[in-house]
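> Return atomic coordinates for the entry below.
(chains A and B)
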2 protein chains.
Amino acid sequence: MKKAHNFSAGPAILPAEVIKEAAGSVLNFNNLNLSLLEISHRSKDFIDVMEEARALVKELMGFGNEYQVLFLGGGASLQFAMVPYNLLPQNGSAAYVNTGVWASKAIKESKLIGNTNVIASSEDKNFNYIPAGYTIPADASYLHLTSNNTIYGTQMHNFPHSPVPVVCDMSSDIFSRRMDFGKFDLIYAGAQKNIGAAGATLVVVKESLLGKTGRKMLSMLDYQVHIKGESMYNTPPVFSIYVCLLTLKWLKKNGGLAWIEKVNKAKADAMYGEIDRNSLFTGTCAKNDRSFMNACFLLTKPELEETFNKMWKDAGISGIKGHRDVGGYRASLYNALPLESVNALVEVMKEFEKKHA
Amino acid sequence: MKKAHNFSAGPAILPAEVIKEAAGSVLNFNNLNLSLLEISHRSKDFIDVMEEARALVKELMGFGNEYQVLFLGGGASLQFAMVPYNLLPQNGSAAYVNTGVWASKAIKESKLIGNTNVIASSEDKNFNYIPAGYTIPADASYLHLTSNNTIYGTQMHNFPHSPVPVVCDMSSDIFSRRMDFGKFDLIYAGAQKNIGAAGATLVVVKESLLGKTGRKMLSMLDYQVHIKGESMYNTPPVFSIYVCLLTLKWLKKNGGLAWIEKVNKAKADAMYGEIDRNSLFTGTCAKNDRSFMNACFLLTKPELEETFNKMWKDAGISGIKGHRDVGGYRASLYNALPLESVNALVEVMKEFEKKHA
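Modelled structure (predicted):
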């Protein structure tokens, strides 16, 4: 049977070969006659998975030994708390740029821990643009950014020059493009959009940043504990990390970030080209801040909603209903989504215009 | 090829049909033409998984609406912190029974949060027994127990009558036997031994216990936040929870806790029977406190170690090397391990005695 065109916002589409290999390893991992789910995380076979995944992240980011790579449980939501818990001292203050729901959640947790200033926000226009021209306080303990905003379809296409360490939530666009990762001091990302399966969270942190708050820390919230444990202080989310490894290998094998950037640009060009061309659709964001990962758009004739919905469903398309905060549609174009799926959606949009404009 | 006899201490053996169905759903879940890894956790298909798993836990425990069931990320290690964070007020004190490494870790985290008293311990004999006859302070905020101690092979076969709420880490023997679960106010368990795949942690909590510390709480560490979010405050570890559901269904279908208790007793009887009978082996624990889940034993002639190791490896047995804190051997007999695997090990032990006694 033909596979659905999966535009889900996350958990999201993964490469077909990753899915196939992951399923095979659930049955029999490394020809051990054991499932990946049934072996010790301290076995050589799984330690190899963990170490290869950690090394590949460093390689893709061009990082040396000053950065540490962790795969933790708890999702990006736990990072909202762990970041200030590890980086914000009692007498310090954190600077946040508020670009949507996820940034707001990060801000909420930081406020529970210490002084937290929102230095820029696009809340005035329902987060449909990326703030610019703000001043970063030179005495901030860190600056917190969200590189891509799934719900609103905005993305940072460039990053501010910062006098203080930069922390970035890259959950929804990690490894989707080339980037000077050296601009960042701590990067985190839930796995379930671009790099793997729900249940694991990637954290990459410059080690010299840590251990400076004077706070007595709960072990599981302490990056230094996880670094010392080589990302296995406790039993890690084994399967999710394995899927991350397979996806990272797929990315590298196909040409890495330079390759995926081209692929993603072609998909975004096709998608936004049609949104702008087609009289029945309109984009929701400032054009310069449009996300290459999540294209949000509305019907110009909302009364045609059911008609359009039937058409894309009939074409085997799934997951393009917009988030309730924006309405309309959201086509998520994560790394593993093939250009053919975008073309299929564009065809439906064209057909829809022909019949109903 | 013949499947290995998997005595791994965790992540551990799962029922063959669970493994098979999990692998199938990685390829195509519910005939959606999508992988389980690629669908929204907010889709009806996954919400059904979550709700069925939560309901099955309640059913197996015989609980009504006063208890809430959560599947969280972060492992039991995160629960070591969440328990005191949610239950121990500034002016309160917590009572812990120290029965091993995991209990010690729980105590360490609790001490970071508030007054924590170790009211009984078996550390004096390298945790080879379960303390008894201790007094539980009537003014404690809660009593914390660890029902089974994987490393030392001890298990609580009965539980103290407690004047205060009882919290129990059941990571390594959850759903291995019938039990009056109503004795407990909060139960938690990492999934990777008896109920599923690494990455999910089961928490069952009496809701009336919560919200009483006066502490301002980080969202991800707040049980009430997760309850309000119906165990989906953030993206849950989808695959691990699905494997829990399949394992719980397998348990129910075969006869539930009454059935598995019989199976586990037969395995433990066979295992300990041979340890006690065979002149080349000796058990490590007080007999009355022996675990039905993890049987620890030593060679009476340590010089034969390599010989014995070769014999069990040749018989397709894996995972019985003892933990470094105890040495020797540990046969983990979790729910999904068939009696035939125990018999295979017993046969090797008999053969070993015949040749080398």
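
> Does the nearest residue to A:Gly196 once chain neighbours are set aside lie in a helix or a strand, and which?
With sequence-adjacent residues excluded and distances taken as CB to CB, 6 or more residues apart in numbering or on different chains, A:Gly196 is closest to A:Cys244, at 3.5 Å. C-betas here are computed from N, CA, C, even on glycine. Assigned by DSSP states H and E, A:Cys244 belongs to helix A:238-254.

> What's the first helix or strand after that helix?
helix A:256-277.

> mind checking how far the following helix or strand past that next one is from the chain centre?
Under the assignment DSSP H and E, the closest C-terminal helix or strand after helix A:256-277 is strand A:281-283. Its chain's C-alpha centre and that of strand A:281-283 lie 24 Å apart, by CA atoms, centre = their mean, to the nearest Å.

> State the distance from A:Lys301 to chain B.
27 Å (CB to the nearest CB, to the nearest Å).

> Next, the contact list for the residue of the stretch 201-350 of chain A found nearest chain B, please.
The nearest approach of the stretch 201-350 of chain A to chain B comes at A:Pro237, 3.2 Å away (CB to the nearest CB). Neighbouring residues of A:Pro237 by CB atoms under 8 Å, 6 or more residues apart in numbering or on different chains: A:Phe71, A:Gly73, A:Gly199, A:Ala200, B:Gly73, B:Ala198, B:Gly199, B:Pro237, B:Ser240.

> one more time with 7 Å, if that's ok
With contacts defined as CB atoms under 7 Å, 6 or more residues apart in numbering or on different chains, the neighbours of A:Pro237 are A:Gly73, A:Gly199, A:Ala200, B:Gly73, B:Ala198, B:Gly199, B:Pro237, B:Ser240.

> can you dump the C-alpha coordinates of stretch A:275-287 into CSV?
What follows is stretch A:275-287, C-alpha atoms only, in CSV (Å, rounded to 0.1, in the frame of the first residue of the first chain):
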residue,chain,number,x,y,z
ILE,A,275,1.0,29.8,-1.2
ASP,A,276,2.0,33.1,-2.7
ARG,A,277,0.9,32.3,-6.3
ASN,A,278,-2.5,30.7,-5.4
SER,A,279,-5.4,33.1,-5.0
LEU,A,280,-7.1,30.8,-2.5
PHE,A,281,-4.3,30.8,0.0
THR,A,282,-2.4,33.3,2.0
GLY,A,283,0.7,32.9,4.3
THR,A,284,0.5,33.9,8.0
CYS,A,285,4.0,35.2,8.7
ALA,A,286,6.4,38.0,7.8
LYS,A,287,8.0,36.7,4.6
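
> List the buried residues for that stretch?
A:Ile275, A:Asn278, A:Leu280, A:Phe281, A:Gly283, A:Thr284, A:Cys285 (16 or more other CB atoms under 10 Å in any protein chain shown).

> can you check stretch A:230-243 too?
A:231-243.

> Can you pick out the most distant pair from these?
Spatially, the most separated pair among the buried residues of stretch A:230-243 is A:Tyr233 and A:Val243, at 20.9 Å (CB to CB).

> rewinding a little: can you give me the offset of the helix holding A:Cys244 from its chain's centre?
The answer for helix A:238-254 is 15 Å, by CA atoms, centre = their mean.

> what does stretch A:85-96 give?
24 Å.

> and if you look at stretch A:194-212?
With CA atoms, centre = their mean, you get 12 Å for stretch A:194-212.

> circling back to that earlier point, I'd guessed the residue nearest to A:Gly196 sits against A:Ala200; true?
Yes. A:Cys244 lies in contact with A:Ala200 (CB atoms under 7 Å); the separation is 5.8 Å.

> Can you work out which residues contact both of those two?
With CB under 7 Å, 6+ apart as the test, A:Cys244 and A:Ala200 both reach A:Phe71, A:Ala191.
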